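Here is a sequence with its predicted model. Questions after.
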Amino acid sequence: MRAKTPRESMVEMTELVLPNDTNLLGNLLGGRLMHLIDIAGAMAAQRHCNRAVVTACIDSVDFRHPVKQGRAVILRAKVTWVGRTSMEVRVDVFSEDFLTGNREFNSNAYLTFVAVDSEGKPVEVCGLCPETEDEKKEYEAAIKRREERLRRRNAMQSVMMRCDAEQ
Ligand SMILES: CC(C)(COP(=O)(O)OP(=O)(O)OC[C@H]1O[C@@H](n2cnc3c(N)ncnc32)[C@H](O)[C@@H]1OP(=O)(O)O)[C@@H](O)C(=O)NCCC(=O)NCCS
(Lines give C-alpha, C1' and ligand atoms only; values in the text may rest on other atoms or scores of the structure.)
Protein backbone atom coordinates (compact mmCIF):
# COMPACT_ATOMS: atom_id res chain seq x y z
CA MET A 1 0.00 0.00 0.00
CA ARG A 2 1.37 3.41 -0.98
CA ALA A 3 1.81 5.88 1.89
CA LYS A 4 -0.17 9.11 1.43
CA THR A 5 0.39 12.71 2.49
CA PRO A 6 -2.03 14.52 4.87
CA ARG A 7 -2.91 16.83 1.96
CA GLU A 8 -4.30 13.91 -0.07
CA SER A 9 -6.96 13.19 2.55
CA MET A 10 -7.95 16.78 3.33
CA VAL A 11 -11.70 17.53 3.41
CA GLU A 12 -13.46 20.91 3.58
CA MET A 13 -17.16 20.89 4.34
CA THR A 14 -19.46 23.95 4.49
CA GLU A 15 -22.94 23.96 6.08
CA LEU A 16 -25.44 26.77 6.50
CA VAL A 17 -26.72 27.09 10.11
CA LEU A 18 -30.50 26.75 9.83
CA PRO A 19 -33.16 27.35 12.55
CA ASN A 20 -33.56 23.62 13.16
CA ASP A 21 -29.87 23.37 14.14
CA THR A 22 -30.03 26.06 16.84
CA ASN A 23 -30.88 26.52 20.54
CA LEU A 24 -33.23 29.14 22.04
CA LEU A 25 -30.58 31.85 21.57
CA GLY A 26 -30.26 31.13 17.84
CA ASN A 27 -26.82 29.51 18.23
CA LEU A 28 -25.70 26.27 16.60
CA LEU A 29 -26.32 23.32 18.97
CA GLY A 30 -23.13 21.70 20.33
CA GLY A 31 -24.44 18.23 19.49
CA ARG A 32 -25.14 19.24 15.89
CA LEU A 33 -21.60 20.63 15.57
CA MET A 34 -20.16 17.39 16.99
CA HIS A 35 -22.16 15.46 14.39
CA LEU A 36 -20.64 17.60 11.61
CA ILE A 37 -17.14 17.17 13.10
CA ASP A 38 -17.62 13.39 13.10
CA ILE A 39 -18.76 13.38 9.44
CA ALA A 40 -15.94 15.63 8.19
CA GLY A 41 -13.38 13.55 10.14
CA ALA A 42 -14.75 10.25 8.83
CA MET A 43 -14.57 11.49 5.23
CA ALA A 44 -10.89 12.44 5.63
CA ALA A 45 -10.11 9.04 7.20
CA GLN A 46 -11.99 7.19 4.43
CA ARG A 47 -10.22 9.23 1.80
CA HIS A 48 -6.89 8.20 3.35
CA CYS A 49 -7.54 4.46 3.61
CA ASN A 50 -10.22 3.90 0.93
CA ARG A 51 -12.16 1.79 3.43
CA ALA A 52 -15.21 2.12 5.64
CA VAL A 53 -14.29 3.54 9.06
CA VAL A 54 -15.85 3.65 12.53
CA THR A 55 -15.27 6.33 15.16
CA ALA A 56 -13.28 4.82 18.03
CA CYS A 57 -12.75 7.98 20.06
CA ILE A 58 -13.41 11.73 20.08
CA ASP A 59 -11.09 13.84 22.24
CA SER A 60 -12.53 16.80 24.14
CA VAL A 61 -14.05 19.66 22.11
CA ASP A 62 -14.05 23.25 23.39
CA PHE A 63 -16.53 25.66 21.81
CA ARG A 64 -14.80 29.07 21.87
CA HIS A 65 -17.49 31.17 20.17
CA PRO A 66 -21.15 30.51 19.41
CA VAL A 67 -22.08 30.14 15.72
CA LYS A 68 -25.18 32.20 14.94
CA GLN A 69 -28.07 31.08 12.73
CA GLY A 70 -27.54 32.24 9.12
CA ARG A 71 -23.74 31.89 9.28
CA ALA A 72 -21.79 29.20 7.48
CA VAL A 73 -19.93 26.63 9.52
CA ILE A 74 -16.76 25.45 7.79
CA LEU A 75 -15.00 22.24 8.81
CA ARG A 76 -11.48 21.33 7.68
CA ALA A 77 -10.36 17.76 8.37
CA LYS A 78 -6.94 16.25 7.87
CA VAL A 79 -5.28 12.94 8.84
CA THR A 80 -2.49 13.70 11.36
CA TRP A 81 -1.25 10.24 12.37
CA VAL A 82 -1.71 6.66 11.26
CA GLY A 83 -1.19 3.38 13.16
CA ARG A 84 -1.79 -0.16 11.90
CA THR A 85 -5.58 0.08 11.57
CA SER A 86 -6.35 3.41 13.25
CA MET A 87 -6.01 7.02 12.09
CA GLU A 88 -6.02 10.29 14.02
CA VAL A 89 -7.85 13.13 12.27
CA ARG A 90 -7.85 16.80 13.28
CA VAL A 91 -10.95 18.85 12.49
CA ASP A 92 -10.79 22.66 12.64
CA VAL A 93 -14.07 24.56 12.75
CA PHE A 94 -14.61 28.14 11.52
CA SER A 95 -17.73 30.19 11.03
CA GLU A 96 -18.31 32.78 8.32
CA ASP A 97 -20.67 35.73 8.14
CA PHE A 98 -21.85 35.96 4.52
CA LEU A 99 -22.80 39.64 4.89
CA THR A 100 -19.34 40.83 5.98
CA GLY A 101 -17.13 37.96 4.79
CA ASN A 102 -15.62 37.77 8.31
CA ARG A 103 -14.33 34.38 9.41
CA GLU A 104 -13.85 33.29 13.01
CA PHE A 105 -12.09 30.23 14.45
CA ASN A 106 -14.63 28.31 16.53
CA SER A 107 -13.10 25.06 17.78
CA ASN A 108 -11.05 22.01 16.92
CA ALA A 109 -11.09 18.34 17.81
CA TYR A 110 -9.01 15.21 17.38
CA LEU A 111 -10.82 12.00 16.49
CA THR A 112 -9.62 8.43 16.06
CA PHE A 113 -11.13 6.30 13.32
CA VAL A 114 -10.54 2.60 12.67
CA ALA A 115 -10.73 1.10 9.17
CA VAL A 116 -12.96 -1.98 9.16
CA ASP A 117 -14.02 -4.75 6.78
CA SER A 118 -17.64 -5.69 6.02
CA GLU A 119 -17.84 -7.54 9.36
CA GLY A 120 -16.58 -4.57 11.37
CA LYS A 121 -13.13 -6.10 11.97
CA PRO A 122 -10.14 -3.71 11.95
CA VAL A 123 -8.05 -3.79 8.77
CA GLU A 124 -4.63 -2.37 7.96
CA VAL A 125 -4.35 1.11 6.46
CA CYS A 126 -1.67 2.73 4.33
CA GLY A 127 1.03 4.85 5.99
CA LEU A 128 1.18 8.63 6.31
CA CYS A 129 4.01 10.87 5.00
CA PRO A 130 3.84 14.27 6.73
CA GLU A 131 5.24 16.93 4.34
CA THR A 132 5.38 20.28 6.11
CA GLU A 133 7.10 21.18 9.42
CA ASP A 134 3.68 21.63 11.05
CA GLU A 135 2.54 18.21 9.86
CA LYS A 136 5.73 16.61 11.21
CA LYS A 137 5.23 18.30 14.62
CA GLU A 138 1.56 17.28 14.62
CA TYR A 139 2.58 13.66 13.91
CA GLU A 140 5.01 13.62 16.88
CA ALA A 141 2.39 15.18 19.19
CA ALA A 142 -0.17 12.61 18.02
CA ILE A 143 1.93 9.79 19.46
CA LYS A 144 1.56 11.31 22.97
CA ARG A 145 -2.18 11.93 22.46
CA ARG A 146 -2.60 8.28 21.46
CA GLU A 147 -0.82 7.03 24.61
CA GLU A 148 -3.25 9.08 26.72
CA ARG A 149 -6.27 7.67 24.83
CA LEU A 150 -5.10 4.11 25.23
CA ARG A 151 -4.57 4.70 28.97
CA ARG A 152 -8.17 5.98 29.16
CA ARG A 153 -9.41 3.04 27.14
CA ASN A 154 -7.70 0.53 29.51
CA ALA A 155 -9.16 2.30 32.55
CA MET A 156 -12.62 2.19 30.93
CA GLN A 157 -12.24 -1.54 30.20
CA SER A 158 -11.68 -2.24 33.92
CA VAL A 159 -14.84 -0.24 34.77
CA MET A 160 -16.82 -2.19 32.15
CA MET A 161 -15.60 -5.53 33.54
CA ARG A 162 -16.71 -4.46 37.05
CA CYS A 163 -20.17 -3.43 35.70
CA ASP A 164 -20.50 -6.79 33.89
CA ALA A 165 -19.61 -8.68 37.08
CA GLU A 166 -22.21 -6.70 39.11
CA GLN A 167 -25.09 -7.54 36.76
C1 LIG B 1 -13.11 0.62 17.21
C2 LIG B 1 -13.21 -0.90 17.12
C3 LIG B 1 -13.37 -1.34 15.67
C4 LIG B 1 -11.88 -1.46 17.67
O5 LIG B 1 -11.97 -2.86 17.60
P6 LIG B 1 -11.09 -3.82 18.56
O7 LIG B 1 -11.54 -5.20 18.30
O8 LIG B 1 -11.12 -3.29 19.94
O9 LIG B 1 -9.68 -3.69 17.89
P10 LIG B 1 -8.25 -3.35 18.46
O11 LIG B 1 -8.13 -3.40 19.95
O12 LIG B 1 -7.32 -4.21 17.65
O13 LIG B 1 -8.06 -1.83 17.99
C14 LIG B 1 -7.92 -1.49 16.64
C15 LIG B 1 -7.22 -0.14 16.56
O16 LIG B 1 -8.04 0.85 17.14
C17 LIG B 1 -7.33 1.54 18.16
N18 LIG B 1 -8.31 1.93 19.17
C19 LIG B 1 -9.33 1.20 19.65
N20 LIG B 1 -10.02 1.89 20.57
C21 LIG B 1 -9.42 3.11 20.65
C22 LIG B 1 -9.65 4.28 21.41
N23 LIG B 1 -10.65 4.35 22.31
N24 LIG B 1 -8.84 5.33 21.24
C25 LIG B 1 -7.81 5.29 20.35
N26 LIG B 1 -7.54 4.20 19.59
C27 LIG B 1 -8.33 3.11 19.76
C28 LIG B 1 -6.30 0.52 18.65
O29 LIG B 1 -5.22 1.16 19.31
C30 LIG B 1 -5.88 -0.10 17.34
O31 LIG B 1 -5.03 0.79 16.64
P32 LIG B 1 -3.83 0.31 15.66
O33 LIG B 1 -4.32 -0.86 14.86
O34 LIG B 1 -3.57 1.49 14.80
O35 LIG B 1 -2.67 -0.04 16.54
C36 LIG B 1 -14.38 -1.48 18.00
O37 LIG B 1 -14.14 -1.17 19.36
C38 LIG B 1 -15.73 -0.90 17.58
O39 LIG B 1 -16.31 -1.35 16.60
N40 LIG B 1 -16.25 0.08 18.35
C41 LIG B 1 -17.53 0.70 18.04
C42 LIG B 1 -17.34 1.79 16.99
C43 LIG B 1 -18.63 2.53 16.75
O44 LIG B 1 -19.68 1.97 16.69
N45 LIG B 1 -18.50 3.83 16.61
C46 LIG B 1 -19.63 4.68 16.36
C47 LIG B 1 -19.98 5.51 17.53
S48 LIG B 1 -20.50 4.57 18.95
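Looks like it came in fine.

does the residue lying closest to residue 136 once chain neighbours are set aside count as helix, strand or coil?
Take residue 136 and drop its neighbours on the chain: the residue closest to it by C-beta to C-beta, 6 or more residues apart in numbering is residue 130, 4.7 Å away. Where C-beta positions appear, they are placed from N, C-alpha and C, glycine not excepted. Per DSSP: H, G, I helix; E, B strand; the rest coil, the secondary structure class of residue 130 is coil.

tally of neighbours for residue 130?
19 (other C-beta atoms under 10 Å).

contacting residues for it?
5-6, 136, 138-139 (C-beta atoms under 8 Å, 6 or more residues apart in numbering).

of all those residues, which comes closest to the ligand?
Minimum distance to the ligand across these is 13.8 Å, recorded for residue 139 (C-beta to the nearest ligand atom).

Distance from the chain centre to whichever strand or helix holds that closest one, please.
Applying DSSP states H and E as the criterion places residue 139 in helix 133-166. When distances are taken as C-alpha atoms, centre = their mean, to the nearest Å, helix 133-166 is centred 15 Å away from the chain's centroid.

And for stretch 33-46?
For stretch 33-46, the gap between its own C-alpha mean and the chain's C-alpha mean amounts to 5 Å (C-alpha atoms, centre = their mean).

sorry, back to before: so which elements touch the helix holding residue 139?
Applying 3 or more C-beta pairs under 8 Å, 6 or more residues apart in numbering; DSSP states H and E, one finds that helix 133-166 makes contact with strand 72-82, strand 86-96, strand 103-116.

could those strands be laid out in JSON lines, adding mean neighbour count and mean pLDDT?
Output for the helices and strands packed on helix 133-166, formatted as JSON lines (neighbours: other C-beta atoms under 10 Å; pLDDT from 0 to 100):
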{"stretch": "strand 72-82", "mean neighbour count": "23", "mean pLDDT": "98"}
{"stretch": "strand 86-96", "mean neighbour count": "23", "mean pLDDT": "97"}
{"stretch": "strand 103-116", "mean neighbour count": "20", "mean pLDDT": "96"}
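
Reformat these as JSON lines; add distance to the ligand.
Output for the helices and strands packed on helix 133-166, formatted as JSON lines (distance: least, C-beta to the nearest ligand atom, whole Å):
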{"stretch": "strand 72-82", "distance to the ligand": "7"}
{"stretch": "strand 86-96", "distance to the ligand": "3"}
{"stretch": "strand 103-116", "distance to the ligand": "4"}
